[in-house]
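>>> My questions are about this predicted structure, shown below with the sequence.
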Amino acid sequence: MKKIVPWILPAVFAVWVLSTLHHPPETGFHTRDFGRLPVLLGGRVQPLDSVARNTLLQIRERQSVGNLSATAWLMETMMKPEAADKLNVFRIDNFELLNMLQLPETQKYYSFSQIQPHLDDLTREAQRANNVEDANRTAFQRQLLKLDNALEIYQRLQLSLCPPGTTDFAGQLAAYEQAIPAGVAAAQAQEAKKTYDQAALNRLLDFLSSYNDLSKYAYPLMVPPATGAKSRADWQNIGQNLMSVVHGNDLSPAVTDYAAMATAYNQNQPAAFNQALDDYRHWLGQWFVPEIRQGVQEFFFNQFEPFYKAMVIYVTAFLLAVIALLTFALAPKLSETLRRSAFWLVVLGGVIHTFGLVFRMWLEGRPPVTNLYSSAIFIGWGCVILGIILERVFAVGLGSAVASFAGFVTLVIAHNLSMDGDTMEMLRAVLDTNFWLATHVVVVTLGYASTFMAGLLGVTYVLLGLFTPLLKYKSGNLELGKVLAKMAYGIVCFAALFSFTGTVLGGIWADQSWGRFWGWDPKENGALLIVLWNAAILHARWGGMIRERGLMNMVIFGNIVTSWSWFGVNMLGIGLHSYGFMAAAFWWLLAFVLSQVALILLGMLPAGMWKSFRTPSGPASA
Amino acid sequence: MLLERLIKFFTSLRLTVVLLVLSLVLVFAGTLGEVHLGLYKAQTEFFRSFFIYWHPANATWKIPVFPGGYLLGAALLFNLIAAHTSRFKLTRDKIGLWIIHAGLILLILGQLTTDMFAVESQMHLRQGQMKNYSESDRLDELAISDVTDPKLETVVAIPERLLAKKGDIRNNQLPFVVRVKEFYANSLLSTNAAPGFARVNANSGLGAALWWQQVPRETAMDRRDVPSVLVEIVTPQDSLGTWLVSEWLEQPQTFTANGHTYQLQLRPERFYLPFSLRLLKFHHDVYEGTDIPKNFSSQLMLNRPDTGEHRQVLIYMNNPLRYDGRTFYQASFDRDNQGTVLQVVKNPGWLTPYLACILIATGMVVQFLSHLVPFLRRRKS
């Protein structure tokens, strides 16, 4: 019976994870099927659900609108714009901005209808802010530009499926097709200076002027390439397809089906909507199998939210591991049960994390790290794997605690980095090389991960040593303090290996792509700093210049060096590697650096002030 | 006694750690310096130097405040070699360390070679254009071409660093002395007396009707200095006149001396090649429905008269052309997509990092395995 206890919580979580895979069939509008439909945006085929989620992340910093799922919100926005305008989807935090728009400060999210009366002011001020150099913009200007961008995407979404003010798009489409022959004949006659039917021409021009807006501003390209098209990437937006009919091209079945969906949605007829949706999926199934598959797979990935689930599991594991550590001497049996439980939770979290990582790689057809977002996911993954290995080698709960903490924090960082939009964006020319992404980027990111991991062990050592007697407690015949030191040393060795090899590989990539092995670019310098620091730690230890506490203080400083290289250099805004300026992240970085400095100062307090070192050695435990 | 202590000092791990930490500080300071000084100037001051100097504003004296890249690199190298010759023994458990350190020495020496011998230049080609030279992206030269014979052009080029010293420049092929009277490393020109501009003290050529101004050196990565120079051409008999030459002036200026016609032009320094490249077509591919660049590529015709080689080559991102000891990279392009800019690098040490990387990675794996395996074995028993 007792053997089962540690498994209970991991089993509960495993059941939770598996249960989310099952969805009851949808009644009413088949929102999920609509969310699976493939479209082209940002140069890649993706499901409408991804368009909806990434847009919401950018404008609302959430993936849903209250009870409305992302796709349901997208349907409202694209097919019933007037109703969507009343939903509170724009997140505005800046008071100056709220004052300018004369909005109440009591809300967190605002609707388009609320903002609309002041749209002109906003556009004018945004243009002014746009002329200010990026680094010199005030918080107000930054928020203003962010909102301006959000409004632009929102309005473009509304012009992606049907013309504004249309309640019966299908009926309008039929009228348009009827108006074409007479309208075109009238236009040709006018051109040839013959008598022509002015009314027929005007009727056609009315249609065209509204479709012209669609063709110019639509956000995703929703019409798959015509069957005779040159390339599979040759998608059109609905407006472009509508306009091309005048020139004798066929109206795509995609447009007809989307129009039928829009009409049914407006008239609140789920059955008709689902029928049109099925028709469209059936038609897609004849020609666009890979695109459908892409949509379905990415939709599954979006719904499953592996990183969110891993995050929840890591938090729980961390709490258990901490309690296990704190009850190490007081209640050894309870502690051991909790430790095991924590370990298996970390393993479960790790499995889901790995699944997410691999699924993403498979979706993108890329190695794991392609941008800052994926680097956070991968650093977290590396830390978790290292932690699991440590826990297997030294079964004292420390590995689990550090792994779950690192996993949780990096996934939180990743979540915040995902606010910029599509995290599976296409790669710019130089980066479009799987070979170097798989070698240099992966290895150097593992270097970051292991340096952070060592630093985290250092933090654990200082906190446990100062505030608890645990470091002197024995697990087997080793004191916990010694165990931590061994762990940290081993990880620093790995960190030196990975960061050095990764940095040199980066140099070789640079030599391949712009002819310079080393150019003293800030990002290169950042990687070099990590190498130098790890080398300094190792040599200081080999030379006997530092012992346990010295080692720990040095590895904590490694956190500062690594965070500088990971985020700090991006804020300098120069060089070939910079990913853009991140003002808000600067304060987080500063806070992190200060916290690490504080920890190092604590770590330098005389041994007499450490709880672990002034109490007589604790009781031995198994 | 003293010798022993010296040996002990230079071979000590303590020195290694101190040097590593100093390097860390240097690299960090250098990175911050790059923001203010620009990549090139910061590199020269921090990394390609023996000392970093400090001086008060407008002072002529300066004092060294921190070791520079050359000094730290040399000290690390010396420390490493000294430690190996005196302290380390080639034993089984140290073999990994030996390999790592051999790789490091190779890497540092290789970078020193690169630093001393590598030449970087650029080749800008418009569609259909052919060139048999590349140009410096930072330095200029004063080209004096004898164009008397329309079939044969003889060029004497004076590099910028000689111009910067001012004074008289003589060359056997020139029947006159080039006297550099004023040198502005970065400058602006004006056709009228705008504020801040001074009259150019020239009496011949275009410069006689211009105003000029010296401006601070450029620090941004994407802009370059535009030098202007005032030169006097002096024959043994008398002065032929004073000209303004500047990269702002696109057309060469002509004068005659000794019955020969000469052209005078300040232009980017040229590096001639024994072959030519002609741009057939430049491609700028984007992802569908976006302006995110997918690839840049240049289709070129390579023509080499002395071997009769005549073939098409394709250069694109991450795929340079290595030919005749030089490497040609896709570096940039013209806004109208009708022209390409190739980076041309001649670097005799380009292979060293590859070898060093293999050595060091091998060494590290050997070293860590030789520790990890016994450790894990102990844990198991």
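Good, I have the coordinates. Numbering: from 1, shown residues only, chains lettered A, B, ... in the order given.

>>> Secondary structure element holding residue 98?
Reading this off chain A. Following DSSP states H and E, the helix or strand that holds A:L98 is helix A:95-100.

>>> my question was about chain B
In this assignment (DSSP H and E), B:W98 forms part of helix B:95-117.

>>> With A:V412 instead?
Using DSSP H and E, A:V412 sits within helix A:398-417.

>>> what's the following helix or strand after that helix?
Moving toward the C-terminus from helix A:398-417, the next helix or strand (DSSP H and E) is helix A:434-436.

>>> circling back to that earlier point, now do the buried residues in the helix holding A:L98.
A:L97, A:L98 (16 or more other Cβ atoms under 10 Å in any protein chain shown). The C-beta positions use only the backbone N, C-alpha and C, and glycine is treated the same way.

>>> So which elements touch that helix?
The contact analysis (3 or more Cβ pairs under 8 Å, 6 or more residues apart in numbering or on different chains; DSSP states H and E) places helix A:95-100 against helix A:119-130, helix A:139-158.

>>> Just name the most buried of the ones you listed.
Highest mean neighbour count of those: helix A:139-158, a mean of 19 (counted as mean count of other Cβ atoms under 10 Å in any protein chain shown).

>>> Packing partners of whatever helix or strand comes next after it?
Moving toward the C-terminus from helix A:139-158, the first helix or strand encountered (DSSP H and E) is helix A:169-191. For helix A:169-191, the packing partners by 3+ Cβ pairs under 8 Å, 6+ apart come out as helix A:198-217, helix A:253-266.

>>> Show me the contact partners of helix A:169-191.
A:161-163, A:166, A:195-198, A:200-201, A:203-205, A:207, A:242, A:245-246, A:251, A:255-256, A:258-260, A:262-263, A:266 (Cβ atoms under 8 Å, 6 or more residues apart in numbering or on different chains).

>>> Of all the residues in chain A, which one is nearest chain B?
A:G43 (2.6 Å; Cβ to the nearest Cβ).

>>> With adjacent residues omitted, what lies nearest to that residue?
Nearest residue to A:G43, sequence neighbours excluded (Cβ to Cβ, 6 or more residues apart in numbering or on different chains): B:Y287, at 2.6 Å.

>>> what does B:G33 give?
The shortest distance from B:G33 to any non-neighbouring residue, by Cβ to Cβ, 6+ apart, is to B:A42 (4.0 Å).

>>> Return the set of buried residues in the helix or strand hosting that neighbour.
Assigned by DSSP H and E, B:A42 belongs to helix B:39-42. Neighbour-count burial for helix B:39-42, with 16+ other Cβ under 10 Å as criterion, is recorded at B:L39, B:Y40, B:A42.

>>> Could you check how far the second one is from B:V119?
By that I understand B:Y40. B:Y40 is 15 Å from B:V119, where distance means Cβ to Cβ, to the nearest Å.

>>> returning to that earlier point: any residue of the helix holding A:V412 touching chain B?
No - judged by Cβ under 8 Å from any Cβ of the partner chain, helix A:398-417 and chain B are separated, with a smallest distance of 13.7 Å.

>>> helices or strands up against that helix?
The elements that helix A:398-417 packs onto, with contact taken as 3+ Cβ pairs under 8 Å, 6+ apart, are helix A:306-326, helix A:332-364, helix A:372-393, helix A:442-467, helix A:480-514.

>>> Pick out the shakiest of the ones you listed, pLDDT-wise.
The minimum mean pLDDT among the helices and strands packed on helix A:398-417 belongs to helix A:480-514 (a mean of 89).

>>> what angle sits between that one and helix A:398-417?
40 degrees (axes from the mean of the first three to the mean of the last three Cα atoms, to 10 degrees).
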